[in-house]
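*Asks:* Sequence first, then the predicted structure, then my questions.
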Amino acid sequence: MSMMLTSEEILDKVRRAFAPFHVVAELQDYHRKLGFRVYDLDGETIDTFEGSLIRDLRTPANLKQLILQARAAVERKNKILKPWSF
């Protein structure tokens, strides 16, 4: 059986993936979904991501794919992220 991530591990990985920016990540809809918002250094919202099912994100490959897509969305807004590895 493959490794499954806990909710806390998911939140931690999302929070660390967008340095140097601040991320507020939370479990929503009775802990069934993940929502997170990335803020720039001035506290302005860069982007919001909602609706991903926690049960899908427990698989590391699925969480990595979500983070990579979200990082690309942030970078398309001309924001420079620090290098990141899963």
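*Replies:* Perfect, I can see it now.

*Asks:* can we go C-alpha only for contacts and neighbour counts from here?
*Replies:* Will do.

*Asks:* Quick one: residues contacting the spatially most central residue of the chain.
*Replies:* The centroid of the chain falls nearest to Val14 when counting by CA atoms, centre = their mean (3.4 Å). Going by CA atoms under 8 Å, 6 or more residues apart in numbering, Val14 touches 23, 25, 67.

*Asks:* can you map out the strands along the protein?
*Replies:* If you assign secondary structure with DSSP state E, the strands in the chain sit at 22-28, 33-39, 45-53.

*Asks:* Let me know the average pLDDT across the second one.
*Replies:* Spelled out, it's strand 33-39. Mean pLDDT, strand 33-39: 98.

*Asks:* Check which residues of it are buried.
*Replies:* For strand 33-39, burial by neighbour count (16 or more other CA atoms under 10 Å) applies to 33-39.

*Asks:* same deal with the longest one?
*Replies:* Using 16+ other CA under 10 Å as the test for burial, strand 45-53 gives 46-48, 52-53.

*Asks:* quick one: it to strand 22-28, angle?
*Replies:* 30 degrees (axes from the mean of the first three to the mean of the last three CA atoms, to 10 degrees).

*Asks:* sorry, back to before: which pLDDT does the model give the residue nearest to the centre of the chain?
*Replies:* At Val14, pLDDT is 98.

*Asks:* what's the distance between it and Gly35?
*Replies:* Val14 sits 10 Å away from Gly35, going by CA to CA, to the nearest Å.

*Asks:* Pull up the overlap in contacts between those two.
*Replies:* Ala25.

*Asks:* Run a quick neighbour tally on Ala61.
*Replies:* Around Ala61 there are 12 other residues, counting by other CA atoms under 10 Å.
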